[in-house]
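Engineer: Give me coordinates for this.
(chains A and B)
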Amino acid sequence: MVSNTRVSIENLNMFYGDFPALKDVYLQVPENNVTALIGPSGCGKSTLLRCINRMNDLIDGVRTEGRIIIDDQNILSPETDVVLLRKKVGMVFQRPNVFDLSILENLKFGLRIHRQMHSKKETMELIQKGLEDVGLWDVLKDKLRSNARQLSLEQQQRLCIARVLILKPEVILLDEPCSALDPIATMRIEELLRALRERYTMIIVTHNMQQAARASDYTGFLYLGELVEFGITQDVFTAPRKELTENYITGHFG
Amino acid sequence: MRENFRKRIKELETRVIAMGKTVEAAILSSVKALQERNLEAAEKIIRDDALINRQRWEIEEDCVNLIAMQQPVASDLREMIAIMNIVTDLERMGDHAEGIAKIVLLLGKEDPVKPFIDVPIMAEKAVEMLRKSMEAFIRRDAKAAEAICALDDEVDALNDKVYHNMIQCMISQPQTVTRATYQIWAAHNLERIADRVTNICERTVYLVTGSMHKLPNVSTY
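Structural biologist: Now for the predicted structure:
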């Protein structure tokens, strides 16, 4: 498996005040693949994920050093337009964060924020495509004006993914996207990620090691802010190179 | 759901069947080489055994990867375990075919003590058992798998026959001892192949029923 690098993370250090949350992380995220970040709570995996769309900017006292290159641009530089960045790098959260609005309005929301001007017909085409991509169009096409909060949690999470897809992102960050879902819904979301990886580069943070094994092509193991090991998921889960990784994935600590 | 996983299991099954066909060809070729005292064919069988070994390792490695990554349970897990055992038996059958090819080299161009009559029949029966066992595995047919084991008795009976014939030859013509021993070994290889088919049948029964046991029809000799 040889892939181009889509996101290049180089010598990344991040501090919450004086506390080093990420230490000299170097990670080349392969294009059109699912990359999983695993590790015990507090190891820095969500922090790393949130660096990639500058979500950590919203936290006081955060300092970031190093580079994250997407499309030849260091997105950590102060000149970066973070709104544009977050369009290019979409995010899906732990709990589906649908707005208390209709399904249609939820889907139009991103387009409005990013001032994408489309004719009504174009907008509807985008919405239909987005819902088709997440397997919801047939179910929801006749109730687009219902409140999105009436949907099941799985459908809400799918809707959130559709909302991201409509903005045509290049990278999708998923922060524990299945933690609110039951095992069957979880597997269906994992199948969805597998289908989407043909077109998108995805990075998923998960507490669930089995999910990382099932759903990802590459896996990175973080411990105390360091990227201990990164490799093809199959290799990491059958013969990890580092003893620390072995101990973690076999449940000897963590 | 889990379409990718299903697809990979199907691919594995196809490869197990292909490996079965390779082993089947090796068994038949080895007995043909024995009948024709074809040393070149025998050497080729010995060389090609490496391909069978490689197929076994590749399938086993894929099973390990699927277990690690897809965490199969219930029938999916049983299938992984069944496949890993089946390819081990197939690989060992390939070794028995190689064993017969080595006997061809040991016999050289010398005439056998008696023409090979029962040994080719044993080979046909063993290969028939192998084919049927592969079909039963693919069709998840535990009943068919159990029925195949009855054929093992026929192969055992032929093995006994060859054994006693050869002992008689050794007694009456001591100069035949070496060659007669080789003929006994050839029959023994085929007898072991048939035994290993019964192992495959037991794995199919395990896959279908979840029960791991020696099949009742299998003689323990």
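
Engineer: residues in contact with A:H114?
Structural biologist: A:V83, A:L84, A:K87, A:L167 (Cβ atoms under 8 Å, 6 or more residues apart in numbering or on different chains). (C-beta placed from N, C-alpha, C; glycine too.)

Engineer: List phi and psi for it.
Structural biologist: Main-chain dihedrals, A:H114, degrees, to the nearest 10: phi -90, psi 10.

Engineer: residue boundaries of the strands in the stretch 101-250 of chain A?
Structural biologist: All strands of the stretch 101-250 of chain A, identified by DSSP state E, counting those that start in this stretch, fall at A:171-175, A:201-205, A:218-223, A:226-232.

Engineer: Chain B too?
Structural biologist: With DSSP state E, there are no strands along chain B.

Engineer: Quick one: name the residues of it near chain A.
Structural biologist: Counting by Cβ under 8 Å from any Cβ of the partner chain, the residues of chain B lying close to chain A are B:M1, B:R2, B:E3, B:N4, B:V64, B:N65, B:A68, B:M69, B:Q70, B:Q71.

Engineer: Which of the residues you listed fall in helices?
Structural biologist: B:E3, B:N4, B:V64, B:N65, B:A68, B:M69, B:Q70 (DSSP state H).

Engineer: surely the fourth one meets A:Q234?
Structural biologist: Yes. The criterion here is Cβ atoms under 8 Å, and B:N65 meets it with A:Q234 at 5.0 Å.

Engineer: Who has more neighbours out of these two?
Structural biologist: Legend: neighbour count by other Cβ atoms under 10 Å in any protein chain shown for B:N65 and A:Q234, higher for A:Q234 (21 against 17).

Engineer: so who does that one touch?
Structural biologist: For A:Q234, the contacting residues are B:N65, B:A68, B:M69, by Cβ under 8 Å, 6+ apart.

Engineer: a markdown table for the residues you listed, including distance to A:M14?
Structural biologist: Below are the contacts of A:Q234 laid out as a markdown table (distance: Cβ to Cβ, whole Å):
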| residue | distance to A:M14 |
| --- | --- |
| B:N65 | 34 |
| B:A68 | 32 |
| B:M69 | 30 |
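
Engineer: re earlier: okay, the strands of the stretch 101-250 of chain A in TSV with mean pLDDT and mean neighbour count next?
Structural biologist: Output for these, formatted as TSV (pLDDT from 0 to 100; neighbours: other Cβ atoms under 10 Å in any protein chain shown):
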stretch	mean pLDDT	mean neighbour count
strand A:171-175	97	24
strand A:201-205	98	26
strand A:218-223	98	26
strand A:226-232	98	19
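
Engineer: Dump those to TSV, plus distance to A:L107.
Structural biologist: Formatted as TSV, the strands of the stretch 101-250 of chain A follow (distance: least, Cβ to Cβ, whole Å):
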stretch	distance to A:L107
strand A:171-175	16
strand A:201-205	20
strand A:218-223	30
strand A:226-232	35
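
Engineer: Please produce a markdown table containing those strands, extended by distance to chain B.
Structural biologist: Converted to a markdown table, the strands of the stretch 101-250 of chain A look like this (distance: least, Cβ to the nearest Cβ, whole Å):
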| stretch | distance to chain B |
| --- | --- |
| strand A:171-175 | 18 |
| strand A:201-205 | 14 |
| strand A:218-223 | 10 |
| strand A:226-232 | 10 |
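
Engineer: What angle do strand A:218-223 and the helix or strand in which A:V25 is found make with each other?
Structural biologist: Taking DSSP states H and E as the definition, A:V25 sits inside strand A:19-30. Following axes from the mean of the first three to the mean of the last three Cα atoms, to 10 degrees, one obtains 170 degrees for the angle between strand A:19-30 and strand A:218-223.

Engineer: Could you list the buried residues of strand A:19-30?
Structural biologist: By 16 or more other Cβ atoms under 10 Å in any protein chain shown, the buried positions in strand A:19-30 come out as A:P20, A:A21, A:L22, A:K23, A:V25, A:L27, A:Q28, A:V29, A:P30.

Engineer: same thing with stretch A:171-187?
Structural biologist: Going by 16+ other Cβ under 10 Å, stretch A:171-187 has these buried residues: A:171-178, A:180-181, A:185-187.

Engineer: send the alpha carbons of it over as CSV?
Structural biologist: The C-alpha trace of stretch A:171-187 is given here as CSV (Å, rounded to 0.1, in the frame of the first residue of the first chain):
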residue,chain,number,x,y,z
VAL,A,171,-9.9,15.9,4.7
ILE,A,172,-12.5,14.7,7.3
LEU,A,173,-11.6,14.5,11.0
LEU,A,174,-13.8,12.2,13.1
ASP,A,175,-13.5,12.5,16.8
GLU,A,176,-15.0,9.3,18.3
PRO,A,177,-17.9,9.4,15.8
CYS,A,178,-19.5,6.2,17.1
SER,A,179,-19.2,6.7,20.8
ALA,A,180,-22.9,7.5,21.1
LEU,A,181,-24.0,4.7,18.9
ASP,A,182,-24.9,1.1,19.4
PRO,A,183,-22.7,-1.7,17.9
ILE,A,184,-24.9,-2.2,14.8
ALA,A,185,-25.1,1.5,14.0
THR,A,186,-21.3,1.6,14.7
MET,A,187,-20.6,-1.0,12.1
